[in-house]
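# Got a predicted structure here, sequence first:
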Amino acid sequence: MIGKSWADHCSSDEESDDDVPPKTLSAQEIFGAGDVPDDDADAAEGDSGAAAEDTSAAGDGSSYQHNAPRPPKDYSFLLTAPPPYTAYVGNLNYDIRSSQELKEEMEKMLESRKCVTISASEGDAGGEREVRVQGARLMTEKGGGQSRGYGYVEFDSPEELMAFLQLPNPQLCGRNIKVDVASGERSGGDRGDRGS
């Protein structure tokens, strides 16, 4: 009589893991007893349940809200930062093929969105000033010149950069773009010269 190996035993249909139902965790096991709202109590309260949910969004940490808006980023550090004032722009449309095209499209967007800074300096007499793009660099593949889908946009002042970064839902060429402060783009030493 030949015995079965352990591999035969593991592949046996008799003891399949498919027959064992997965353990279902309750909300209390996942979130803890204090963080789980009572669905029946919310239904009985009607609109007052929504008010209770709104108060938890005030930052007291009492409950998790999936669709809660993110707080705006604090860009005040830019006011004391030295130039250049550069923004990273990502998720760019691949139809943009040059840095000049990127600059032109950015200027169109800023003009159509009426992106301005409010200046309190004496030279501007405390008025509004349109945000202008000083320069743009589209990152492309070596050799072919195909866009890599991101680039950098430079502004004249930290106020202009902040105004651009705080635009809600920025779009370029009909596509939502990602914007942030360019971080360490020039601090990489010889990173840009690899392979040369």
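Yes, it's here.
# what about the chain, any weak spots by pLDDT?
The chain contains residues with pLDDT under 70 at 1-68, 119-126, 184-196.
# who does the longest helix anywhere in it touch, helix- and strand-wise?
Scanning the chain for the longest helix, with DSSP state H as the assignment, gives helix 99-112. Applying 3 or more Cβ pairs under 8 Å, 6 or more residues apart in numbering; DSSP states H and E, we find helix 99-112 packed against strand 133-140, strand 147-155, strand 171-172. In short, each C-beta sits where N, CA and C put it, glycine included.
# And for residue 79, the neighbour number?
By other Cβ atoms under 10 Å, 11 other residues sit near residue 79.
# so what's it up against?
Neighbour list for residue 79: 158, 159, 162 [criterion: Cβ atoms under 8 Å, 6 or more residues apart in numbering].
# What distance do you get for the first one to residue 85?
Using Cβ to Cβ, to the nearest Å, we find residue 158 at a distance of 5 Å from residue 85.
# how much space between residue 113 and residue 92?
If you go by Cβ to Cβ, the gap between residue 113 and residue 92 works out to 17 Å.
# Helix or strand next in line after the host helix or strand of residue 117, which one?
Element membership for residue 117, per DSSP states H and E: strand 116-118. Using DSSP H and E, the helix or strand that directly follows strand 116-118 along the chain is strand 128-130.
# got the contact list for that following strand?
With contacts defined as Cβ under 8 Å, 6+ apart, strand 128-130 is touched by 110, 111, 115, 116, 117, 118, 119, 160.
# Neighbour-wise, which one of the residues you listed leads?
residue 160 leads the contacts of strand 128-130 on contacts (other Cβ under 10 Å) with 25 neighbours.
# is it true that that one lies in a helix?
Yes: Residue 160: assigned to a helix according to DSSP: H, G, I helix; E, B strand; the rest coil.
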